[in-house]
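# structure for the following, please:
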Amino acid sequence: MSANLLALIAALAYLTAAGVQLLSTARGKKGLSRSMAVMALIAISCHGVATWAAVFAGPGSDFGIYKVTSLTFLVVNIACLMLQTRRPLQNLLIALFPLSALAVLLAAFGPSTGESQQDLGVGMSLHIGSSILAYALLTLAAVQAALVAIQDHQLKNRHTRGIVQVLPPLQLMEAMLFELVWVGVILLSIAIGSGLVFVDDIFAQHLVHKSVLSIVAWVLLTILLWGRHQLGWRAQTAAKFTLAGFILLMIGFLGSKLVLELVLQRT
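Down below sits the predicted model:
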C-alpha cells in the first residue's frame, strides 16, 4: 500500500474519529467510545507509516515544514491517547484530529521544502527529538489552556450549560494543564540545551529568531510554573502565559521554517 494512500486513510479516519467524539461529547458521554478509539488507532497507525515514508523517502532525512508538522501532530496524538489512561483529555482530540488530517495530507502531497540530511548524529537527533516532543506536549498544553480559559469564563458568568457540562471540574483541568506545562518545559530545556551544545551556531542569522523566541517562551513558561508554586496562579493567568509561550514557539519554529523554506526557499 502506498504512503499517499495511507495518508488519505489516516485523514479520513481522523475526521471520522473527531466526528464520533464530537457527537459523543454533545450527548454528554464521558471517555472514549470503542468506535472512536478504533478509528483513532487506525488513523495514528496510517499516519505513522505515511510520515515515516515522507521524512525518510530518500537516502537521508527530510525535515521540511510539512514533514515536521505532520511528525509533531503524530507525537501529539500518541501522547494524548497515552495520557488518556491517567487524565480525561478526550475533548482535546476534537480539535487535534482535523488539524492532524490536514498535516498528514500536506506531508504526503505537499512539495518537499527541506534539504536531505545524511547523518544527524546522536547530538542532533537528541535536539530534534526533544524539540518535537516539547512542541507536541506544549501544543496539548495550549489546547488545554484554551479550554481552561473558556471554562473559567463560563463559570464566572454563571453559565453552567454547554461546554462546562462536558468538561471535568476546573480544578482538575488546571492540574492537567500544569502537568503538561511541566513536562513540556523539561523537554524544551533539553531541546535548548542540546541545541547550544550540538548545533554549530545556534544564533546564526537563519536560526537566531527561532533560538531567541524559544528561550523567551521557556522563560515565560518557567515564570508560570514559579507563579503557580509561589503565588498560586490559576485559570486565566495560567492560560495567558501558556498560550503566549506556545505562540512564541510556533512563530519561532514554524514561522522561521515557513519564511526560509517557502518564501526564501532556503533550508
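# what about Phe73, distance to Pro98?
Phe73 is 10 Å from Pro98, where distance means C-beta to C-beta, to the nearest Å. C-betas here are computed from N, CA, C, even on glycine.
# for Leu133, give me its contacts.
Val75, Leu187 (C-beta atoms under 8 Å, 6 or more residues apart in numbering).
# what helix or strand is Thr85 on?
Under the criterion DSSP states H and E, no helix or strand holds Thr85.
# count of neighbours near it?
Residues contacting Thr85 under the criterion other C-beta atoms under 10 Å number 7.
# look up how far Ala79 lies from it.
Counting by C-beta to C-beta - Thr85 and Ala79 are separated by 11 Å.
# tell me which of Phe73 and Pro98 has more neighbours.
Phe73 (26 against 17).
# what about the helices in the protein?
Here the chain has its helices, by DSSP state H, at 3-26, 34-55, 65-83, 92-109, 121-156, 163-166, 170-198, 208-231, 235-250, 256-257.
# can I get those in JSON lines with mean pLDDT?
Compiled in JSON lines, the helices of the chain are given as follows (pLDDT from 0 to 100):
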{"stretch": "helix 3-26", "mean pLDDT": "89"}
{"stretch": "helix 34-55", "mean pLDDT": "89"}
{"stretch": "helix 65-83", "mean pLDDT": "86"}
{"stretch": "helix 92-109", "mean pLDDT": "89"}
{"stretch": "helix 121-156", "mean pLDDT": "85"}
{"stretch": "helix 163-166", "mean pLDDT": "68"}
{"stretch": "helix 170-198", "mean pLDDT": "89"}
{"stretch": "helix 208-231", "mean pLDDT": "89"}
{"stretch": "helix 235-250", "mean pLDDT": "91"}
{"stretch": "helix 256-257", "mean pLDDT": "60"}
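# thought Glu179 was touching Leu225, still the case?
No - judged on C-beta atoms under 8 Å, Leu225 makes no contact with Glu179 at a distance of 10.9 Å.
# tell me the pLDDT of the most far-flung residue of the chain relative to its centre.
Most distant from the centre of the chain: Arg158, at 31.5 Å, with distances by C-alpha atoms, centre = their mean. Arg158 carries a pLDDT value of 74.
# got any residues that touch both of Thr85 and Ala79?
By C-beta under 8 Å, 6+ apart, no residue touches both Thr85 and Ala79.
# circling back: quick check: neighbours shared by Leu225 and Glu179?
Counting by C-beta under 8 Å, 6+ apart, nothing touches both Leu225 and Glu179.
# dump the residue contacts of the closest residue to Ser131 other than its chain neighbours.
Excluding its sequence neighbours, the residue lying closest to Ser131 (C-beta to C-beta, 6 or more residues apart in numbering) is Ala191, at 4.2 Å. Applying C-beta under 8 Å, 6+ apart to Ala191 gives the contacts His127, Ser130, Ser131, Ala134, Ser214.
# want to throw these into JSON lines with distance to Leu220 and neighbour count?
Shown next, in JSON lines, are those (distance: C-beta to C-beta, whole Å; neighbours: other C-beta atoms under 10 Å):
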{"residue": "His127", "distance to Leu220": "21", "neighbour count": "23"}
{"residue": "Ser130", "distance to Leu220": "19", "neighbour count": "20"}
{"residue": "Ser131", "distance to Leu220": "17", "neighbour count": "23"}
{"residue": "Ala134", "distance to Leu220": "14", "neighbour count": "27"}
{"residue": "Ser214", "distance to Leu220": "11", "neighbour count": "25"}
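# just the closest of those residues to Val55, please.
Ser131 (14.3 Å; C-beta to C-beta).
# measure that closest one to Thr237 for me?
In terms of C-beta to C-beta, Ser131 sits 27 Å off from Thr237.
# surely Trp182 and Trp226 touch.
No - using C-beta under 8 Å as the test, Trp182 is too far from Trp226 to be in contact (11.8 Å).
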